[in-house]
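S.K.: coords below, sequence missing:
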């Protein structure tokens, strides 16, 4: 047999594996097997994917879904409403994620937001990044164009997964109805495991709506179709049937196990040995220490048992109550230079600790963090840990307290720190008493707020200078009663954080401490508060400038460009409104000059409005005078 004959005979046999591989890929891509197995009942054809989403959320303990409505996601919202999950609609998509973030912090249950495709999704990016840096488990569900129309110029069709790839721990696009349940379960488990963070799940329209509706939209009869049209109709029918095949078979919607790293017994023992020898120990608590699984009260008891003075930051503010002798609030830089053992419990050596340079080279440092990258950030170039523990900081402190039962921290060290604390507090109070040439003394105002806050108040801070002062003056009463954006320093969290806080704590006062710049980002959410009957209190520190920037820009560059805002006093605002009212009344009276009775009525109403406005202004001025 010559070579040519052999090629003719055996070449097809050699190509058979390639042929069958290509065939298998085509069958998979077209969903031919799923289409062949398609067998929905008439009742199942009326069900929709939004009902499956709602069932998963309900089983995971979700009580609130935050949204700004859009046609892409309507089945989710209606499904949640039917199962008793409260749907809270906001005035901007970024607020949905901020509110979900607050719910996750205060309740320990994953926060959930659902937004429509395209710009609805892109509007959430800042809040998602904030949740990532604050290590908060948030599930963002984004609508999307139908799978059959993606890449063909459909409305608001963009590559959303690429957008969130660097921001989220888990990203997925659901392509079949039967994948809704396992995808959401996996996303929620990933969000809460390890170092918590946001996750994104894309849900195209044809995945969420019912088969009956999707079929009516895509499987339209064409009179006298051509051969090409018949092939196209077959392709569309195959794809639609594959999307819904076995979509409503019974599935387990219960949560998957959450995996959280824990400190080893040997790490706890080593830390206990270091603390026993310490003369000047110190604990720096970060937000991460308050994450589940340990309840805040158990962590507080552990700290009280250890008796080691603590600096509390982020979500850990309020952990020790309002007036704990262990809570040190002032002169942290000095304390860190003097301490011989420092426990970084969920605290990161980033800009907030001068990249680790705030720690003394002589101190023995015990660093505890769930995230190895954060555990070793800027080490060993700027600082070096004596003991690194990759695990949950709250659980570590509980185990440490158990290992050091009977331990007593040197009292003279704690007393010295507290005495210095009181000196600084007294200096702040003296500044608050200093008269101002114009407007209010901001420190005095904040002390007034501190005095009138109830014992269960939740404090939301959103701003720059004013918030910086508030951090030293306002004292959270209990654990998880202080909400700030975290390391990202995001402006605009106020409305969303307050919304989530008030829903989680309906009987508590919720205060937003705004700067006048940050107020502009979420002031529209007062409409949301009103519609959902959620009373919150806002205090705005108005210095009519972006002062944190102005303070450096002006002396360095010699210009205040873009740093100043307009100062509008209550009196000038009132006069401006009355001037507009008077002008409009004049125009109306000229139009009604020929009708004496109508003219008299308009004049009478105008006089009454002027009189009432004057009374309101007088009352407002009196209230402002009392605050001063």
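M.R.: Great, that's in hand. Remember, predicted model here, so these are calculated numbers, not experimental data.
S.K.: how close does the nearest residue to residue 55 once chain neighbours are set aside get to residue 61?
M.R.: In space, and not counting its chain neighbours, residue 55 is closest to residue 253: 5.0 Å by Cβ to Cβ, 6 or more residues apart in numbering. (C-beta placed from N, C-alpha, C; glycine too.) According to Cβ to Cβ, to the nearest Å, residue 253 and residue 61 sit 12 Å apart.
S.K.: the more surrounded of these two?
M.R.: Between residue 253 and residue 61, counted using other Cβ atoms under 10 Å, the more crowded position is residue 253 (18 against 11).
S.K.: Quick check: the more buried one touching residue 57?
M.R.: No: with contact defined as Cβ atoms under 8 Å, residue 253 does not count as touching residue 57 (9.0 Å).
S.K.: Could you list the single helix or strand in the protein with the lowest mean pLDDT?
M.R.: helix 596-627 (a mean of 50; mean pLDDT, DSSP states H and E).
S.K.: Break down the stretch 501-628 of the chain into its helices, ranges please.
M.R.: Remark: helices assigned in the stretch 501-628 of the chain by DSSP state H, counting those that start in this stretch are 516-522, 525-531, 547-557, 570-591, 596-627.
S.K.: Oops, could you answer that again for the stretch 151-300 of the chain instead?
M.R.: Secondary structure of the stretch 151-300 of the chain (DSSP H, counting those that start in this stretch): helices located at 160-164, 180-192, 205-208, 211-218, 227-244, 265-276, 296-306.
S.K.: ditto for the stretch 301-450 of the chain
M.R.: Using DSSP H, counting those that start in this stretch, the helices of the stretch 301-450 of the chain run over 332-338, 372-375, 393-403, 411-432, 442-452.
S.K.: other SSEs contacting the second one?
M.R.: Just to be clear, that refers to helix 372-375. Applying 3 or more Cβ pairs under 8 Å, 6 or more residues apart in numbering; DSSP states H and E, we find helix 372-375 packed against strand 364-369, strand 387-390.
S.K.: And the contacts of the first one?
M.R.: Contacting residues not belonging to strand 364-369 are listed as 263, 271, 274, 278, 288, 340-346, 348, 359, 375-376, 383-391, 393, 396 [Cβ atoms under 8 Å, 6 or more residues apart in numbering].
S.K.: now those residues: which count as buried?
M.R.: Among the contacts of strand 364-369, those scoring as buried are 263, 271, 274, 278, 288, 340-346, 348, 359, 375-376, 383, 385, 387-391, 393, 396 (criterion: 16 or more other Cβ atoms under 10 Å).
S.K.: List the residues that contact the residue nearest to residue 55.
M.R.: Residue 253 is in contact with 52, 55, 56, 58, 59, 181, 185, counting by Cβ under 8 Å, 6+ apart.
S.K.: where's the fifth one relative to residue 503, distance?
M.R.: According to Cβ to Cβ, residue 59 and residue 503 sit 20 Å apart.
S.K.: out of the two, which sits in the more crowded spot?
M.R.: The neighbour comparison of residue 59 against residue 503 (other Cβ under 10 Å) goes to residue 503, with 21 against 17.
S.K.: Which residue, neighbours along the chain excluded, lies closest to that one?
M.R.: Using Cβ to Cβ, 6+ apart and skipping the chain neighbours, the partner closest in space to residue 503 is residue 64 (5.6 Å).
S.K.: any chance you could map the strands in the stretch 1-150 of the chain?
M.R.: Assigned by DSSP state E, counting those that start in this stretch, the strands in the stretch 1-150 of the chain fall at 64-68, 86-89, 111-115, 138-144.
S.K.: who does the first one pair up with?
M.R.: This means strand 64-68. Here strand 64-68 is paired, per DSSP bridges, with strand 86-89 (parallel), strand 111-115 (parallel).
S.K.: Among those, show me which one is buried the most.
M.R.: With neighbours taken as mean count of other Cβ atoms under 10 Å, those reach their highest mean count in strand 111-115, at a mean of 30.
S.K.: which residues touch that one?
M.R.: Residues from elsewhere that reach strand 111-115, judged by Cβ under 8 Å, 6+ apart: 57, 62, 64-68, 70, 73, 76-77, 93, 96-97, 99-104, 121, 123-124, 136-143, 500.
S.K.: roughly how far is it from the heart of the chain?
M.R.: For strand 111-115, the distance from its own C-alpha centre to the chain's C-alpha centre is 10 Å (Cα atoms, centre = their mean, to the nearest Å).
S.K.: Average pLDDT for that strand, rounded please.
M.R.: For strand 111-115, mean pLDDT rounds to 98.
S.K.: now the angle from it to helix 180-192?
M.R.: For strand 111-115 against helix 180-192, the angle by axes from the mean of the first three to the mean of the last three Cα atoms, to 10 degrees is 130 degrees.
S.K.: and the angle from strand 111-115 to strand 138-144?
M.R.: Using the same axes, to 10 degrees: strand 111-115 against strand 138-144 is 20 degrees.
S.K.: which residue ends up closest to the midpoint of this protein in space?
M.R.: Centroid-nearest residue in the chain, with Cα atoms, centre = their mean: residue 101, separated by 3.0 Å.
S.K.: And the pLDDT at that one?
M.R.: Residue 101 carries a pLDDT score of 98 in this model.
S.K.: for this protein, which spans come out with low pLDDT?
M.R.: Scanning the chain for pLDDT under 70 picks out 1-4, 6-38, 567-628.
S.K.: Contact partners for residue 387?
M.R.: For residue 387, the contact set (Cβ under 8 Å, 6+ apart) comprises 267, 270, 271, 274, 364, 365, 366, 367.
S.K.: Check which helix or strand the closest residue to residue 523 other than its chain neighbours maps to.
M.R.: The shortest distance from residue 523 to any non-neighbouring residue, by Cβ to Cβ, 6+ apart, is to residue 495 (7.4 Å). Element membership for residue 495, per DSSP states H and E: helix 494-504.
S.K.: quick check: angle from that helix to strand 111-115?
M.R.: Helix 494-504 runs at 120 degrees relative to strand 111-115, counting by the same axes, to 10 degrees.
S.K.: Now do helix 494-504: which elements does it pack against?
M.R.: In terms of contacts (3+ Cβ pairs under 8 Å, 6+ apart), helix 494-504 is packed against strand 64-68, strand 86-89, helix 93-107, strand 458-462, strand 510-515, helix 516-522, helix 525-531.
S.K.: can you list these in TSV and add distance to residue 165?
M.R.: Output for the helices and strands packed on helix 494-504, formatted as TSV (distance: least, Cβ to Cβ, whole Å):
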stretch	distance to residue 165
strand 64-68	23
strand 86-89	28
helix 93-107	17
strand 458-462	28
strand 510-515	33
helix 516-522	26
helix 525-531	29
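S.K.: Any idea how many residues pack against residue 297?
M.R.: Other residues within reach of residue 297, judged by other Cβ under 10 Å, total 11.
S.K.: now the one 4 residues further on
M.R.: Per other Cβ under 10 Å, the neighbour tally for residue 301 reads 14.
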